[in-house]
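Q: Give the three-dimensional model of this entry:
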Amino acid sequence: MPADADAPGSPGASGRSGLAYRPCVGVTLVNDAGLIFAGQRIDTPARAWQMPQGGVDTGEAPREAALRELEEETGVGRDLVEVLDATPGWLHYELPDELAGRIWGGDYRRQKQRWFLMRFHGADHQIDIATKHPEFAQWRWIDADALLAAIVPFKRDIYEQVLRRFRPWLARP
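A: Numbering: from 1, shown residues only. Presented below is the predicted three-dimensional model:
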């Protein structure tokens, strides 16, 4: 992939479908016990659980996007977290055929993601998923193996890579 394709906010290289990568960030938010925040998506009848994630705005640095997305989706502000680590580069995945063209305005078929590990220094009552544009119906603290079992299959490989990177900070089953 060309170097400029990874610039924050750039559309990135096109996938085999001709649609560009959607630049995105994800947050692995962990509590003091090393458990991971997981939210059940509000926009699907399937019991799909995931970590907070979202798009990078044009000109926005990935770290800033991650802090913004975390607050937008969970109500957790930057004053309640410490950034501990990040994936060294972009991770990529492709949407399954049944979703391609139906989400993200039909402009993207693939995502490229940077993931950030953040330690939550607040109390559970400071997490508020009833945000202006809610993404989650409910949330819970979960261990890495349970999260992998609960994620939609097309994101599992990305989650395995992310959790392998952040394993030293996560609870052991």
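
Q: going forward, measure contacts between C-alpha atoms and count neighbours the same way
A: Fine.

Q: following the longest helix along the chain, which helix or strand comes up?
A: Using DSSP state H to define each element, the chain has its longest helix at helix 62-74. The helix or strand immediately downstream of helix 62-74 is strand 81-86, counting by DSSP states H and E.

Q: Just checking: what are the partner strands of the very next helix or strand once past that next one?
A: Taking DSSP H and E as the definition, the helix or strand that follows strand 81-86 towards the C-terminus is strand 91-94. Strand 91-94 has the following strand partners under DSSP bridges: strand 108-120 (antiparallel).

Q: which residues are in contact with the strand it pairs with?
A: Counting by CA atoms under 8 Å, 6 or more residues apart in numbering, strand 108-120 makes contact with 15, 17, 19-32, 62-63, 66, 80-95, 100-101, 162, 166, all of which sit outside it.

Q: again, 7 Å this time
A: For strand 108-120, contacts defined as CA atoms under 7 Å, 6 or more residues apart in numbering pick out 15, 19-31, 62, 80-87, 89-95, 100-101, 162, 166.

Q: Please put the alpha-carbon coordinates of the lowest-mean-pLDDT helix or strand in the chain into CSV.
A: The element with the least model confidence among the helices and strands of the chain, by mean pLDDT, DSSP states H and E, is strand 91-94, at a mean of 83. Output for strand 91-94, consisting of C-alpha atoms alone and laid out as CSV, is shown next (Å, rounded to 0.1, in the frame of the first residue of the first chain):
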residue,chain,number,x,y,z
LEU,A,91,-4.9,-3.5,10.5
HIS,A,92,-7.3,-4.3,7.6
TYR,A,93,-10.5,-6.2,7.1
GLU,A,94,-13.1,-6.5,4.4
